[in-house]
Each structure stands twice: as C-alpha cells, then as structure tokens.
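Q: Sequence plus the predicted model coming up.
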Amino acid sequence: MRILESVKRIPGGLMIVPLLLGVLVNTFCPSWLNIGSFSTFLWKTGAMPILAVFLFCNGAQINVKQAGQPLLKGVLLTGVKFVLGAGLGVCISKVFGPAGILGIAPLAIVAAVTNSNGGLYAALAGEFGDSTDVGAISILSINDGPFFTMVAFGMTGLAEIPFMLLVGAIMPIVIGCVLGNLDEDLRKWLAPAATITIPFFAFPLGSALHLNQLVSAGAPGIVLGVLCTVITGFGGYFTLKLIRAKHPQVGAAIGTTAGNAVATPAVLAAADPRLTDVAQVATVQIAAAIIVTAVLCPMLVSWLDKREKSKAPVGGIMAA
C-alpha cells in the first residue's frame with residue numbers, strides 16, 4: 001500500500017499525520033484511548049518518555065568535529081533563529097500577554113520560529129549551496145527540541161522554569177552527543193531511531209487535542225508559518241550576505257519549522273502548568289506552520305538563488 005511513502009510526501013508528514021490521527025481518535029472515539037495498560041501508555045500518555053528517546057538519538061547525530069566554515073555558518077544561522085524567534089515571541093507576550101496577537105500565542109511563535117527543519121535545510125543546502133553549507137546542519141541540529149524555547153521563557157520570566165529542569169531538558173541531547181562523537185558506529189546505529197520515534201510521540205500529543213481546536217487555530221497557524229519563513233528566511237539570507245558567503249541564498253533555508261516543534265508546548269506545560277491551556281492552542285498552530293513553511297521556504301530559496309545568479313559574480317571570503 002506504500003503507506004510510509006505517501007506519508008513522507010506530506011511536509012512534516014511523519015509528525016503531522018500521526019498527530020492528526022490522534023486528534024481524530026480523541027474527537028470521535030476518545031474511549032479507545034483509555035483501554036488501559038500498554039495501549040493507553042502508547043497512544044495517550046506516553047509522549048514524554050518517547051520524546052526523551054528522540055532527543056537522545058538526535059543529540060547523537062551532532063558532530064562536534066565540524067570546524068571552519070560549516071561551524072561559523074551553523075553558529076550564525078542558529079543564532080539568527082534563536083534571537084529572532086525568542087525576541088519576537090517575548091516582545092509580543094510582554095505587549096499583548098499570553099493570548100498573543102492575531103490569535104497567535106507567543107509560545108507558538110517562539111517554538112515555531114526558533115526550531116528549523118534540519119532535513120529540509122540539508123536538502124536545500126545540497127541543491128543551492130556547497131559542502132560548507134550542508135555541514136552547518138551539524139550545528140543547526142542543536143535547535144531541534146524544546147531547549148531553546150525553555151531558555152527563552154525561563155530567562156524572561158514568561159514561565160517558571162527551574163534551572164534543573166532546563167538541565168534535565170538538555171541532558172539527553174548532551175549525553176547523546178557525547179556518545180555519538182566517541183563512537184561513530186553508535187551514532188550510525190542511533191540515527192534511524194531519531195526518525196522512527198517521531199510518529200510514536202506525535203500520536204499521543206494529538207490525542208490530547210480536539211478537532212475543534214485544530215479548526216480554530218488554522219488561520220493563525222498559517223500566518224505563523226508565513227512569518228517564520230519571511231522573518232528567519234531573510235534573516236539567514238542577510239546574515240550570510242554580511243559575511244560574504246558564496247551562496248547566501250542557502251541562509252534562507254532556515255525559514256522553516258521542524259516537525260518535532262509540535263512537542264514543545266507540551267514540554268513547557270509540563271514544566272509550568274499555567275501554560276497548559278495555551279499549550280494546546282500553540283500545538284495546533286505550530287502544526288499548521290510546519291506545513292506552510294515546508295511549502296514557502298523552498299520557493300524563497302529558489303527565488304533568492306535566481307536573484308543571486310542574475311548578478312555579476314563577486315568573490316567572497318567564504319567562497320569555497
């Protein structure tokens with residue numbers, strides 16, 4: 001039936017499809033989720049432990065041996081995502097409160113804008129850039145998961161995030177990173193799990209939502225996706241232009257929202273129960289943003305690529 005192939009054709013499909021299935025089951029057949037024992041653990045209450053495994057395996061894929069141009073580009077692009085996403089979300093929260101603006105929750109803004117789709121970035125970097133652009137993914141991978149969002153909310157007082165909880169959030173990534181760099185075989189062995197676990201924490205996250213929430217959050221989620229692509233896409237582009245990179249258009253490839261960003265609001269709500277209600281709204285808004293950015297970002301990179309190539313070639317300090 002080629003189920004997996006069909007799911008992968010959808011932007012963020014491994015995350016979005018199980019999430020939507022969870023929403024539908026919780027909307028129309030909620031009793032199925034409360035059978036008990038392993039069924040309930042897997043489909044209703046097991047998101048956080050599985051997400052922890054995902055973070056560990058994902059951390060193992062970060063290669064600290066990358067140096068030089070890939071390191072510089074990765075650090076700069078990661079910084080752009082964090083500063084723009086956290087700054088925008090915090091400012092909106094301070095001015096408009098937890099409800100946000102245009103129906104978009106600050107929690108959704110920070111989680112969606114600071115977290116980029118590494119797979120899509122790597123694909124676009126490979127098509128429009130060179131090996132130094134692709135190599136930056138080793139640093140960009142750090143923004144996968146809820147850590148940066150927790151840091152932003154904790155530092156600004158928008159949420160009460162105990163320091164040890166921050167340590168606990170990043171520890172699986174750090175330990176995974178250490179082990180992955182100590183043993184290349186271990187990194188390769190863990191690599192498939194970083195993908196395989198995604199549907200298994202996506203479904204229970206969806207099973208905490210209702211179809212009415214998804215419908216009501218649709219329009220704000222689309223706006224969020226457009227903002228993410230425009231703000232961080234152009235932010236990454238101009239950053240690489242500033243350092244005179246050979247392929248600055250690749251910087252726009254960070255204008256995406258990663259599929260696993262859907263899990264971030266639930267993690268924040270677990271740390272600060274005051275965010276529980278807004279976390280549900282933020283989750284569906286992020287789900288919409290994932291799809292929108294996956295469509296718009298490649299279009300933006302392609303347009304910038306044509307624009308760059310239409311200019312007279314100039315030398316750059318980052319030229320390969």
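A: Yep, that arrived.

Q: Check which helices and strands the longest helix that the chain contains sits against.
A: For the chain, the longest helix by residue count, based on DSSP state H, is helix 276-309. On a contact count with 3 or more CB pairs under 8 Å, 6 or more residues apart in numbering; DSSP states H and E, helix 276-309 meets helix 13-28, helix 106-114, helix 118-128, helix 211-216, helix 218-242, helix 264-271. Placement of C-beta: from N, CA and C, glycine included.

Q: please redo it, this time with the cut-off set to 6 Å
A: helix 106-114, helix 118-128, helix 211-216, helix 218-242, helix 264-271 (3 or more CB pairs under 6 Å, 6 or more residues apart in numbering; DSSP states H and E).

Q: Over to Pro98. Which of the three states is it?
A: coil (DSSP: H, G, I helix; E, B strand; the rest coil).

Q: Tell me who's in contact with the nearest residue to it once chain neighbours are set aside.
A: Closest residue to Pro98 apart from its sequence neighbours, by CB to CB, 6 or more residues apart in numbering: Val278 at 5.3 Å. The neighbourhood of Val278, defined by CB atoms under 6 Å, 6 or more residues apart in numbering, consists of 98, 105, 107.

Q: now, which of these sits nearest Gly85?
A: Ranked by distance to Gly85 (CB to CB), the contacts of Val278 are led by Leu107 at 11.4 Å.

Q: So the residue nearest to Pro98 versus Val134, what's the distance?
A: 37 Å (CB to CB, to the nearest Å).

Q: Likewise for Lys8?
A: For Lys8 relative to Val134 (CB to CB), the value is 20 Å.

Q: Looking at those two, which one has more neighbours?
A: Neighbour comparison, Lys8 and Val134: the larger count goes to Val134, with 19 against 13 (by other CB atoms under 10 Å).

Q: Skipping adjacent residues, who's closest to that one in space?
A: Once flanking residues are discounted, Val134 sits nearest to Ala125: 4.6 Å by CB to CB, 6+ apart.

Q: Adding distance to Leu33, pLDDT and neighbour count, write the contacts of Val278 out as CSV.
A: CSV is the format used below for the contacts of Val278 (distance: CB to CB, whole Å; pLDDT from 0 to 100; neighbours: other CB atoms under 10 Å):
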residue, distance to Leu33, pLDDT, neighbour count
Pro98, 28, 74, 17
Ala105, 25, 85, 32
Leu107, 25, 86, 29
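
Q: Just name the closest of those to Leu72, please.
A: Nearest to Leu72 among these: Leu107, at 31.0 Å, using CB to CB.

Q: show me the contacts for that closest one.
A: Applying CB under 6 Å, 6+ apart, the residues contacting Leu107 are 265, 278, 282.

Q: Just the pLDDT for the first one.
A: For Pro265, the pLDDT comes out at 85.

Q: so what's the nearest residue to Leu33 once chain neighbours are set aside up against?
A: If the residues on either side of it in the chain are set aside, Leu33 comes closest to Lys44, at 4.3 Å by CB to CB, 6+ apart. Residues near Lys44 by CB under 6 Å, 6+ apart: 33, 204, 207.

Q: Neighbour count and pLDDT added to the residues you listed, as CSV?
A: Listed next are those as CSV, based on neighbours: other CB atoms under 10 Å; pLDDT from 0 to 100:
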residue, neighbour count, pLDDT
Leu33, 20, 87
Pro204, 26, 85
Ser207, 25, 84
